[in-house]
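1. Sharing a model prediction with you, sequence too.
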Amino acid sequence: MIEVVGLTKRHGAKVAISDVSFAVAPGRVTGFLGPNGAGKSSTLRILLGLDRADAGTALIGGLPYRKLRDPLRTVGSLLEGSGAHRSRTARAHLSWVARSNGIPKRRVAQALAEVGLEHVAGKRVGTFSLGMGQRLGLAAALLGEPAALVLDEPVNGLDPDGIRWMRRLLKEYAKGGGAVLISSHLMSEMAEVADDLIVISAGRVVASGPLAEVTAGHTSLEEAFFALTDPVYRSGDAESRS
Ligand SMILES: Nc1ncnc2c1ncn2[C@@H]1O[C@H](COP(=O)(O)OP(=O)(O)OP(=O)(O)O)[C@@H](O)[C@H]1O
């Protein structure tokens with residue numbers, strides 16, 4: 001469903017990502033895991049047509065985002081908050097998104113219910129907590145009933161109940177055949193929700209595959225992660241030092 005091949009992006013002399021390749025399959029939750037600054041947002045911004053790569057391709061359903069006819073019907077996304085205007089109500093915001101993307105009006109109430117915001121549909125977005133804003137952003141992502149979801153740090157700002165709810169929603173979405181790509185720097189989160197994992201460090205993919213495969217030979221995802229991302233381990237110096 002999502003295919004990224006050889007993606008490279010520089011900001012001046014700084015290489016944000018280098019030769020990043022991975023695939024996201026339908027019916028699976030794929031976790032994009034890496035420390036802050038590893039290149040997750042840079043990759044997702046290119047995938048969603050918000051930035052251009054210096055090399056490589058990023059395809060969703062076989063097309064680059066900018067070539068999709070009805071993007072929100074193919075891929076729903078959440079990057080840094082809901083993007084809604086503070087003076088708009090949640091319902092007005094989603095109605096506007098629906099109208100401008102050829103999505104039937106009935107989906108507005110449905111999406112609000114799917115994220116548990118139906119009781120605050122008439123409230124201004126400016127009064128929302130961080131968690132409510134995340135839910136609204138997710139409602140916009142779900143609006144077009146897309147085949148793929150791409151979410152950058154979706155549990156940010158959610159309380160423990162909200163985190164559990166988000167996990168369930170993403171798992172259900174994948175169970176229904178959706179391809180879900182979520183980024184996070186939280187290992188515990190990924191261990192709970194991901195079927196497949198892509199680990200990125202310093203702009204490069206250092207491991208990818210089913211969660212069990214990536215963690216094989218390690219006692220936990222945390223241990224696997226440090227073994228994969230610590231340059232000392234990676235170069236094999238860990239053994240030669242002992
Ligand atoms: N517009 C920019 N100009 C200069 N450098 C940038 C720009 N955007 C990203 N970078 C650099 O590229 C690298 C990757 O950043 P990116 O935001 O993609 O990482 P990330 O994994 O999403 O981390 P975070 O979770 O902190 O956002 C970082 O070193 C960052 O400083």
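-> Looks like it came in fine.
2. contacts for the lengthiest helix in the chain?
-> Counting by DSSP state H, the longest helix found in the chain is helix 160-175. Under the criterion C-beta atoms under 8 Å, 6 or more residues apart in numbering, residues 27-29, 114-116, 131, 134-135, 138, 149, 151, 154-155, 158, 180, 182, 189, 192-193, 195 lie in contact with helix 160-175. C-beta coordinates here come from the backbone N, C-alpha and C atoms, glycine included.
3. Helices - which of those residues land there?
-> 114, 131, 134-135, 138, 189, 192-193.
4. Which of those residues sits closest to residue 35?
-> Minimum distance to residue 35 across the ones in helices among the contacts of helix 160-175 is 13.7 Å, recorded for residue 189 (C-beta to C-beta).
5. Verify the stated contact: that closest one with residue 154.
-> No. Under the criterion of C-beta atoms under 8 Å, residue 189 makes no contact with residue 154, lying 9.1 Å away.
6. What segments of this protein are helices?
-> 40-47, 71-74, 90-99, 106-114, 130-142, 160-175, 187-193, 211-215, 221-229, 231-234, 237-241.
7. Save these as CSV, and put in mean neighbour count too.
-> What follows is the helices of the chain, written out as CSV (neighbours: other C-beta atoms under 10 Å):
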stretch, mean neighbour count
helix 40-47, 24
helix 71-74, 18
helix 90-99, 20
helix 106-114, 18
helix 130-142, 23
helix 160-175, 16
helix 187-193, 19
helix 211-215, 17
helix 221-229, 19
helix 231-234, 12
helix 237-241, 9
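8. mind checking which of the ones you listed is nearest residue 201?
-> Proximity to residue 201, assessed across the helices of the chain by C-beta to C-beta, is greatest for helix 221-229 (3.9 Å).
9. Out of the helices of the chain, which is closest to residue 121?
-> Of these, nearest to residue 121 by C-beta to C-beta is helix 90-99, at 4.3 Å.
10. For the closest one, what is the distance to the chain centroid?
-> 22 Å (C-alpha atoms, centre = their mean, to the nearest Å).
11. now do stretch 184-198
-> On C-alpha atoms, centre = their mean, the centre of stretch 184-198 falls 11 Å from that of its chain.
12. Format the helices of the chain as a markdown table; extra columns: mean pLDDT and distance to residue 200.
-> Below are the helices of the chain laid out as a markdown table (pLDDT from 0 to 100; distance: least, C-beta to C-beta, whole Å):
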| stretch | mean pLDDT | distance to residue 200 |
| --- | --- | --- |
| helix 40-47 | 95 | 6 |
| helix 71-74 | 93 | 24 |
| helix 90-99 | 95 | 30 |
| helix 106-114 | 97 | 30 |
| helix 130-142 | 92 | 22 |
| helix 160-175 | 93 | 19 |
| helix 187-193 | 88 | 12 |
| helix 211-215 | 91 | 12 |
| helix 221-229 | 85 | 9 |
| helix 231-234 | 58 | 13 |
| helix 237-241 | 44 | 21 |
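13. which one of those helices lies closest to the ligand?
-> helix 40-47 (3.1 Å; C-beta to the nearest ligand atom).
14. Show the contacting residues for the closest residue to residue 36 other than its chain neighbours.
-> Nearest residue to residue 36, sequence neighbours excluded (C-beta to C-beta, 6 or more residues apart in numbering): residue 185, at 5.8 Å. Shown in contact with residue 185 (C-beta under 8 Å, 6+ apart): 33-36, 38, 40, 153.
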